[in-house]
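Asker: Curious how this folds, go ahead:
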Amino acid sequence: MLIGTGGWQSIFIVNIPLSLACILLGYFRFPKVSSEAAGEEKKLLSIDFTGIILFGITLTTLLLFLMNPSLSKITFLLVAVIAGGIFV
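Answerer: Numbering: from 1, shown residues only. Below is the predicted model:
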């Protein structure tokens, strides 16, 4: 519907107010963290690099398969399924 009324650029224009609304809602709705608790949380906070890599592999290979699905590209689909299974 967006592409039909405003062209393909309209799908990107819709993201601007949606992103701003998400930022504002997050700022006002998420609980505030005191400075004492923030120091403790930084010690516990860790980034899941393995999950990020597996998620990236899953999405990339799935999209490479879906761009031109054929039997010659079935390897991409298999890698996506395996990486997605490990990720989950």
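Asker: next SSE after the worst-scoring helix or strand of the chain on mean pLDDT?
Answerer: Ranked by mean pLDDT, DSSP states H and E, the weakest helix or strand in the chain is helix 35-44, scoring a mean of 61. Going down the chain from helix 35-44, the next helix or strand is helix 49-67, by DSSP states H and E.
Asker: Which strands or helices does the following helix or strand past that following helix pack on?
Answerer: Next helix or strand after helix 49-67 toward the C-terminus (DSSP H and E): helix 74-87. Applying 3 or more C-beta pairs under 8 Å, 6 or more residues apart in numbering; DSSP states H and E, one finds that helix 74-87 contacts helix 49-67. Bear in mind the C-beta positions are built from the backbone N, C-alpha and C, glycine included.
Asker: now the angle from the helix it packs on to helix 74-87?
Answerer: Relative orientation of helix 49-67 versus helix 74-87 (axes from the mean of the first three to the mean of the last three C-alpha atoms, to 10 degrees): 150 degrees.
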